[in-house]
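Visitor: coordinates only, sequence not included:
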Ligand SMILES: [Zn+2]
């Protein structure tokens with residue numbers, strides 16, 4: 001039923017109002033989601049189900065309370081359980097901030113946090129990831145979550161992240177990966193063509209398993225962590241995660 005409401009809404013509501021419409025629908029329908037089957041680790045809410053989300057609607061994807069998606073909840077769990085993000089004093093850069101977690105990051109006393117984006121009104125500074133206005137060796141941590149698939153010069157962006165990280169600093173550069181080899185098609189520039197070739201109107205490529213090599217070409221040491229699968233089926237279901245999503249944990253070597 002929710003899928004039908006969302007699909008119909010998408011067709012009759014202009015695209016620029018989708019975000020607002022989703023927000024109102026979310027608040028209006030909160031009582032319908034009362035339950036204990038799903039838990040959002042970010043806002044701590046318990047629900048009967050999550051909302052559907054995506055170009056091809058995925059069931060149980062979006063938290064009805066804080067808007068988090070599968071990937072955001074995975075990032076949160078990974079930061080909490082596998083890194084020093086919640087315990088060490090860190091200078092943090094987030095590119096294209098996710099509203100649901102940015103609110104939390106800003107309140108964390110151990111973080112000196114800044115977010116950037118070229119367009120998003122949620123970001124603290126307007127800045128291009130391929131031309132960062134920060135000195136070399138400046139951040140302890142960078143979060144670049146589902147960004148590079150939108151960036152034409154992704155190698156330049158990776159080099160910039162490497163440059164602004166301190167030696168020993170770490171970053172999570174996450175992208176959707178759906179194939180063996182990365183697909184880039186020259187002269188595909190219109191939203192219609194991009195949707196046809198890359199599955200989304202604002203994606204400029206589809207990454208493959210060679211993504212790790214691209215990151216390492218920029219100088220980063222990459223660990224592909226199957227953290228999600230390690231959580232096991234029951235936690236994957238409880239938190240509404242995508243079990244195949246690996247975390248691309250990158251580190252700038254101490255000596256370079
Ligand atoms: Zn939530």
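Guide: Cool, got the structure. As the structure is a prediction and not an experimental result, all values here were calculated from the model. Numbering: from 1, shown residues only.
Visitor: hey, let's count contacts and neighbours off CA atoms from now on
Guide: OK.
Visitor: didn't residue 184 look like it was pressed against residue 206?
Guide: Yes - under the criterion of Cα atoms under 8 Å, residue 184 makes contact with residue 206 at 6.9 Å.
Visitor: Between those two, point out the one with more neighbours.
Guide: Neighbours were counted for residue 184 and for residue 206 using other Cα atoms under 10 Å; residue 206 has more, 23 against 14.
Visitor: Can you name the residues of the chain that neighbour the ion?
Guide: Taking Cα under 5 Å from the ion as the contact definition, the chain meets the ion at 40, 43, 63, 66.
Visitor: These into TSV, with extra columns for pLDDT?
Guide: Below are the residues of the chain next to the ion laid out as TSV (pLDDT from 0 to 100):
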residue	pLDDT
40	97
43	94
63	93
66	90
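Visitor: Export these to a markdown table and append columns for secondary structure.
Guide: Converted to a markdown table, these look like this (DSSP: H, G, I helix; E, B strand; the rest coil):
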| residue | secondary structure |
| --- | --- |
| 40 | coil |
| 43 | coil |
| 63 | coil |
| 66 | coil |
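Visitor: Kindly reformat those residues as CSV containing neighbour count.
Guide: Output for the residues of the chain next to the ion, formatted as CSV (neighbours: other Cα atoms under 10 Å):
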residue, neighbour count
40, 23
43, 16
63, 30
66, 17
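Visitor: give me every residue that touches the residue nearest the centre of the chain.
Guide: Centrality entry for the chain: nearest residue to the mean C-alpha point is residue 145, 3.3 Å, by Cα atoms, centre = their mean. Contact partners of residue 145, counting by Cα atoms under 8 Å, 6 or more residues apart in numbering, are 95-96, 172-175.
Visitor: residues contacting residue 255?
Guide: By Cα under 8 Å, 6+ apart, the contact list for residue 255 reads residue 167.
Visitor: same question, residue 184
Guide: Neighbour list for residue 184: 204-206 [criterion: Cα under 8 Å, 6+ apart].
Visitor: Please repeat the previous calculation with a cut-off of 10 Å.
Guide: Residue 184 makes contacts with 152, 197-198, 204-207, as judged by Cα atoms under 10 Å, 6 or more residues apart in numbering.
Visitor: Out of those, list just those in strands.
Guide: Judged by DSSP state E, those include residue 207 as members of strands.
Visitor: By neighbours, which of the contacts of residue 184 wins?
Guide: Among the contacts of residue 184, residue 204 has the most neighbours (other Cα under 10 Å), with 28 neighbours.
Visitor: My guess is residue 27 contacts residue 65. True?
Guide: Yes - if you go by Cα atoms under 10 Å, residue 27 and residue 65 touch, sitting 7.5 Å apart.
Visitor: Provide the backbone phi and psi angles at the residue of the stretch 51-200 of the chain found nearest the ion.
Guide: Nearest residue of the stretch 51-200 of the chain to the ion: residue 66, at 4.0 Å (Cα to the ion). Main-chain torsions, residue 66, degrees, to the nearest 10: phi -110, psi 0.
Visitor: Nice, that's everything, thank you.
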